[in-house]
Each structure stands twice: as structure tokens, then as C-alpha cells.
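build me a model:
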Amino acid sequence: MARLFDAGQFATGFIAVGQFATGFVAIGQVATGVIAIGQVARGGIVIGMVGFGLWSISMVGVGVLRTTALIGVGGTAGFGLVLPLIPLPARRPRLPPLVSADALVAGAREAGWTRAWIEPGPEGIPVCTVDGERLAAPLDARLRPALAASSRGGAGPALVHLRRDGARLRWDRVMALPRPARANPALWIRGALGLVVLAVIAFVYWWLVALPLGELLRGPAGMLR
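The predicted model follows:
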């Protein structure tokens, strides 16, 4: 019969405090529990210097679902230098109000953002296409380095800011948009590798943490019988 509370070098109980503590709530140098707090913590929600759990908050951590750590790896990343393994869609950027290129050409608007397509051009000068036609507006020279870097990975969507300069248009700003995942095979490869690594971590967690902890606890009520 496990105790409701136990303290000692090898503490085992619903609430366990000790050098080696195991329980539903475990606090110790080496803590194992559904909620574990220690220098080395493993279990469900773990907080410690080194953590291995479903949700790890630690200096160095591994979390099957989520990890917040100075250095770590996990299903998803919280704060810190954490490598996320679950491939999630990129967050959509907040876009400014858009206008049609025709409205700008016709003079209905003095300036505005419009959708475009940027791709590498001859002699390293990027080519911008709007509504299927090459944009003839002069390019601000300050934009060339940013455009060259944006188009280096291949063609991609963008927003360009056009401004009337007398009788003609000039584009003075550009905002690169995320490329579709299907256009970037590296994302698929990285996502597949991440899921494989996560599967290995999940198996190790099940074998080294979930099975022993489940056998000991047999549910919170089982510890108090």
C-alpha cells in the first residue's frame, strides 16, 4: 500500500519528496511522476534541469508533445532553442490591404500593395510578374539585395508596393510570402524525418517512463489502496 505522502531518500507515494522520488507528484533530485520536479525529472509534466516527459519545462529537455527549454527537442516548441519535430503549417503573415494593379495603373490609387510573383532573372536581376505580365515599373535600387535573396531559392509569391511617380509607377517595397509546401521538397523531407525521430522518442518514453510509472501508480486511486 502506497502512502498519501512519503519523504526520504527513496520516497514512493501519491506525493513523494526525496532524493529519488516516485509518485503522482514527485519532488526530488531524481523525480518520476505524472507531475515531476527535480534536477532530473521524467513523467507527464516535468520541470527540472534535465527533463523527459510529455510536456517538458527544463534547461535541457525532451517533450513528446511540447518542450520549453534552454536547449531541447520535442513535438512542438515552446520558448527556448527547441527543435520542433511535428511539421506544422507556416503561420500566415498579416497582410496589408491590397489593391489591384489595374487601379494603380489607371490612377485610381496613388499607392498600394498588390500581389506579384518573383523569380530569378538574367544577370541576377529578379523578375517581377503581376497578373501574368512583367512589371515594367522601375525598381528602387535599395530593393535589389532583398529581392535577390528572396528569389535565390526559386520563384515565389510576394507583395510589392507601387507608388505613382508622376506619370509612371515605381515599386519601393517588397514583402516575400511563404512558398507553398508542395514547391519546397525540403519541407517534406524535414517533416518526414521529424516524425521518424518523434516516433523513436515516443517509443523510448513509453518503454522507460510510461510503463514503469503506470505499473507503479495503477491510476491515482491505486496508490492509495
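
could you give the average pLDDT over the longest strand along the chain?
Ordering each strand of the chain by length in residues (DSSP state E) puts strand 3-77 first. When pLDDT is averaged over strand 3-77, the result is 93.

what of stretch 166-181?
The average pLDDT within stretch 166-181 is 71.

so how many other residues sit close to the closest residue in space to Leu70 that isn't next to it in sequence?
Nearest residue to Leu70 in three dimensions, chain neighbours excluded: Met59, at 4.8 Å (C-beta to C-beta, 6 or more residues apart in numbering). Every C-beta, even on glycine, is put in place using the N, C-alpha and C of the backbone. Using other C-beta atoms under 10 Å, Met59 has 14 other residues around it.

Glu215 too?
Using other C-beta under 10 Å, Glu215 has 8 neighbouring residues.

Gly33 touches Phe20, doesn't it?
No. Counting by C-beta atoms under 8 Å, Gly33 sits too far from Phe20 to count as a contact (11.6 Å).

those two: who's more crowded?
Gly33 (29 against 18).

ok but Arg163 is inside a helix, no?
No. Counting by DSSP: H, G, I helix; E, B strand; the rest coil, Arg163 is not part of a helix but strand.

hey, what's it bridged with?
Ala111, Arg170 (DSSP bridges).

roughly how far apart are it and Ala116?
Per C-beta to C-beta, to the nearest Å, Arg163 is found 14 Å from Ala116.

same check, this time on Phe24
Counting by C-beta to C-beta, the separation of Phe24 from Ala116 is 58 Å.

check what contacts the top helix by length along the chain and list those residues.
Across the chain, the longest stretch assigned as helix under DSSP state H is helix 185-205. Identification of contacts with helix 185-205 by C-beta atoms under 8 Å, 6 or more residues apart in numbering yields Phe52, Gly53, Leu54, Val62, Val64, Val73, Gly75, Pro84, Leu85, Ile86, Pro87, Ala181.

with stretch 57-67 instead?
41, 45-56, 68-78, 80, 82, 198, 201-202, 205.

give me the buried entries from those.
If you count burial by 16 or more other C-beta atoms under 10 Å, the buried members of those come out as 41, 45-48, 50-56, 68-69, 72-78, 80, 82, 198, 201-202, 205.

one step back: quick one: average confidence on the longest helix of the chain?
On average, helix 185-205 scores 89.

beta partners of Leu157?
If you look again at residue 157, you'll see it is Pro, not Leu. Trp117.

need the pLDDT of it.
77.

measure it to Thr129 for me?
Distance, Pro157 to Thr129, by C-beta to C-beta: 10 Å.

mutual contacts of those two, please.
By C-beta under 8 Å, 6+ apart, Pro157 and Thr129 have these common neighbours: Ala116, Trp117, Ile118.

between the residues you listed, which sits nearest Gly28?
Within the shared contacts of Pro157 and Thr129, proximity to Gly28 (C-beta to C-beta) peaks at Ile118, which comes in at 56.9 Å.
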